[in-house]
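S.K.: I need the structure of the sequence given here:
(4 chains)
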There are 2 protein chains.
Amino acid sequence: MAKDKTLGRGSYHHGDLRQAMIEAAEAVLAEKGVGGFTLRECARRAGVSPAAPAHHFGNLVGLLTVIATLGFDDLSEAMEAAVAEAIRSGGDRLAAICEAYLAVALARPGRFRVVFGRLGLKNEDENLRRAGIRAFGILVRETKLALGRQTEGEDLLTRPLPLFADDPDLAAILFVWSVTHGFSTMLIDGQLGPFEMQPSGRERLCELYSKQLVGLLLAAVRQMTARPGPLANPCRHG
Amino acid sequence: MAKDKTLGRGSYHHGDLRQAMIEAAEAVLAEKGVGGFTLRECARRAGVSPAAPAHHFGNLVGLLTVIATLGFDDLSEAMEAAVAEAIRSGGDRLAAICEAYLAVALARPGRFRVVFGRLGLKNEDENLRRAGIRAFGILVRETKLALGRQTEGEDLLTRPLPLFADDPDLAAILFVWSVTHGFSTMLIDGQLGPFEMQPSGRERLCELYSKQLVGLLLAAVRQMTARPGPLANPCRHG
DNA sequence: CTCATATCTTGACGCTGTTAAGTTTGTGGC
DNA sequence: GCCACAAACTTAACAGCGTCAAGATATGAG
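M.R.: Model prediction:
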């Protein structure tokens, strides 16, 4: 069933409601934000009744979970592509994935907000979990590579919880992620609004990120490379 | 009016509904998150009818705006207190405010989520704006101080928008903020859940933050101090 | 005491997510 | 080709939501 997508609006069956709902949801999220997001509104845009989506996604959380999974896949694919491009052009791989992360957030703010929003997803969903771990695995691999560790392509899915409990690189990994994620979310959510009031202000902030923040990040990681193992905070007696 | 707060539940007038609503709201936010937040639920906990809050806050957004303002004040006070303590004990001031930021987020996740959530606040509210700029001003001051710049106690409220358009320290400021904010939000929102599965896992993450991430942050800023002005990302030809 | 005013309640509106039951459509077995 | 079945969708209904208008009640100033 549903092989022919040309059923279209006129007929009783939509034809590809699943995809249409996802697109509608992302459109609503992108233009109205999390607050204005409504399942009924999405159904309206897709041209179906409010109860129609239930068959495909169960409920609202199910729809969001599917979108979040796509969001993780976006991140994974963009980061992998960025790494490939960095290898080709001789650029820094870690810098490449940091920029790719922000680029994804800006390109599809709807998806990104769902992934890292506070809407509540179906966290036990297996597809979501795999997609998340895949994306995170890329970050781990590239950070370790930047640290000079040899990475053996371990499957994170088989790692015991808690992840990286005794990994000496955990600090570096979370540092990279914090900077990248922090800047991306603040930019997406408008917390940096006061800095981008003039025309093309957002572009200038992205440039600042690419040219300076990522540079600071790399410098910090490189410093860790020189002195492997935990780096003590010199201002604490711990 | 409302001088005697002992009116209590029995009487027609609550006595201090404004405060009661704020507390109820934060309790709901802390235990149910943004998704389960409801004005009616808050009114229920405060023991009043659903329409009662309207007189004090206008509407739901008004309540959230007040809470967000308190959240900014929390941040400001905690950071100032941390600076004072750092001065007293000889610790690093910038490290102190980074740790204070996370501490506030963990201590009052309800407020913190409202401040930086995606719920939509009354952004033109003057109190909110002032509180936000005050908190941000502390971050700016301490970052500039760490960079060795002399800070003349400028009032950010009078700065023209966009803020810091040509400030050479903007990158450092946003870097510090990104790390601190990124880690705090990820921890609060459970994105770091896989790392804290065992008992007292959150404490270990906080320790990692204090002892290593903040250390990396300081190292990056110090490096900037040595080489003032914009720091080029060495892996880009910009 | 009187009465304006601030505070809270009641009742209603349209909206939401979700469910149950019924209707239409496509598909595989014959 | 036909038919039964399953999938996809609709309609109708439910409780709960935010908000508003109108009415009730308490407070404090005169």
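
S.K.: Within the helices and strands, which one has the residue nearest to residue A:112 when sequence neighbours are not counted?
M.R.: Residue nearest to residue A:112 in three dimensions, not counting chain neighbours: residue A:105, with 4.4 Å by Cβ to Cβ, 6 or more residues apart in numbering or on different chains. Placement of C-beta: from N, CA and C, glycine included. Using DSSP states H and E, residue A:105 maps to helix A:93-107.

S.K.: quick one: contacts for residue A:97?
M.R.: With contact taken as Cβ atoms under 8 Å, 6 or more residues apart in numbering or on different chains, residue A:97 is in contact with A:79, A:82-83, A:138-139, A:142.

S.K.: Break chain A down into its domains, please.
M.R.: As assigned by automatic domain parsing, chain A contains the domains A:12-58, A:66-226.

S.K.: okay, these in TSV with distance to DNA strand C and mean pLDDT next?
M.R.: Formatted as TSV, the domains of chain A follow (distance: least, Cβ to the nearest atom of the strand, whole Å; pLDDT from 0 to 100):
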stretch	distance to DNA strand C	mean pLDDT
domain A:12-58	3	91
domain A:66-226	10	90
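
S.K.: so the residue nearest to residue A:29 when sequence neighbours are not counted is in which element?
M.R.: Excluding the flanking residues, the one nearest residue A:29 by Cβ to Cβ, 6+ apart is residue A:110, at 3.5 Å. According to DSSP H and E, residue A:110 maps onto helix A:109-116.

S.K.: which other residues reach that helix?
M.R.: With contacts defined as Cβ under 8 Å, 6+ apart, helix A:109-116 is touched by A:25-30, A:33-34, A:64, A:67-68, A:70-72, A:74-75, A:104-105, A:121, A:181, A:184-185, A:188-189, B:118, B:189, B:191.

S.K.: now do 7 Å
M.R.: Here helix A:109-116 makes contact (Cβ atoms under 7 Å, 6 or more residues apart in numbering or on different chains) with A:26, A:29-30, A:34, A:64, A:67-68, A:70-72, A:74, A:104-105, A:185, A:188, B:118, B:191.

S.K.: Show me what counts as buried in stretch A:144-162.
M.R.: For stretch A:144-162, a neighbour-count test (16 or more other Cβ atoms under 10 Å in any protein chain shown) marks A:144, A:146-147, A:149, A:156, A:162 as buried.

S.K.: in chain A, which spans are helices?
M.R.: In chain A, the helices defined using DSSP state H lie at A:17-32, A:39-46, A:54-57, A:60-89, A:93-107, A:109-116, A:126-146, A:170-188, A:201-208, A:214-226.

S.K.: Same list (the ones you listed) but as TSV, adding distance to residue B:169.
M.R.: Formatted as TSV, those follow (distance: least, Cβ to Cβ, whole Å):
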stretch	distance to residue B:169
helix A:17-32	33
helix A:39-46	43
helix A:54-57	47
helix A:60-89	28
helix A:93-107	21
helix A:109-116	28
helix A:126-146	26
helix A:170-188	16
helix A:201-208	11
helix A:214-226	12
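
S.K.: So for DNA strand D, which of those sits nearest?
M.R.: With Cβ to the nearest atom of the strand as the measure, helix A:17-32 is the member of those nearest DNA strand D (3.6 Å).

S.K.: other SSEs contacting that closest one?
M.R.: Packing contacts for helix A:17-32, counted by 3 or more Cβ pairs under 7 Å, 6 or more residues apart in numbering or on different chains; DSSP states H and E, involve helix A:39-46, helix A:54-57, helix A:60-89, helix A:109-116.

S.K.: So which of those has the densest surroundings on average?
M.R.: Highest mean neighbour count of the helices and strands packed on helix A:17-32: helix A:109-116, a mean of 24 (counted as mean count of other Cβ atoms under 10 Å in any protein chain shown).

S.K.: and the direction of that one versus that of helix B:170-188, what angle?
M.R.: Here the directions of helix A:109-116 and helix B:170-188 differ by 50 degrees (axes from the mean of the first three to the mean of the last three Cα atoms, to 10 degrees).

S.K.: from the chain's centre, how far out does helix A:109-116 sit?
M.R.: Between the centre of helix A:109-116 and the centre of its chain there are 7 Å (Cα atoms, centre = their mean, to the nearest Å).

S.K.: Output that helix as CSV - backbone C-alpha positions only.
M.R.: C-alpha atoms of helix A:109-116 as CSV (Å, rounded to 0.1, in the frame of the first residue of the first chain):
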residue,chain,number,x,y,z
PRO,A,109,15.8,24.8,13.6
GLY,A,110,12.5,22.9,13.9
ARG,A,111,14.2,19.5,14.1
PHE,A,112,17.0,20.8,16.3
ARG,A,113,14.6,22.2,18.8
VAL,A,114,12.8,18.9,19.0
VAL,A,115,16.0,16.9,19.6
PHE,A,116,17.3,19.1,22.3
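
S.K.: what's near enough to touch residue A:133?
M.R.: Residues in contact with residue A:133 (Cβ under 7 Å, 6+ apart) are A:156-157.

S.K.: how near is it to residue A:75?
M.R.: Plainly put, residue A:133 is 12 Å away from residue A:75 if you go by Cβ to Cβ, to the nearest Å.

S.K.: ditto for residue A:116
M.R.: Distance from residue A:116 to residue A:75, by Cβ to Cβ: 10 Å.

S.K.: do the same with residue A:140
M.R.: For residue A:140 relative to residue A:75 (Cβ to Cβ), the value is 13 Å.

S.K.: do the same with residue A:68
M.R.: Look at residue A:68 and residue A:75: by Cβ to Cβ, they are 11 Å apart.

S.K.: Neighbours of residue A:166, how many?
M.R.: When counting by other Cβ atoms under 10 Å in any protein chain shown, one arrives at 6 neighbours for residue A:166.

S.K.: Phi and psi next, for it.
M.R.: Backbone torsions of residue A:166, given as degrees, to the nearest 10, read phi -120, psi 20.

S.K.: how about it, what does it touch?
M.R.: Listed by Cβ under 7 Å, 6+ apart, the contact set of residue A:166 is empty.

S.K.: OK, contacts around the closest residue to residue A:144 other than its chain neighbours?
M.R.: Distances taken as Cβ to Cβ, 6+ apart place residue A:151 nearest to residue A:144, at 4.9 Å, with adjacent residues excluded. Shown in contact with residue A:151 (Cβ under 7 Å, 6+ apart): A:141, A:144-145.
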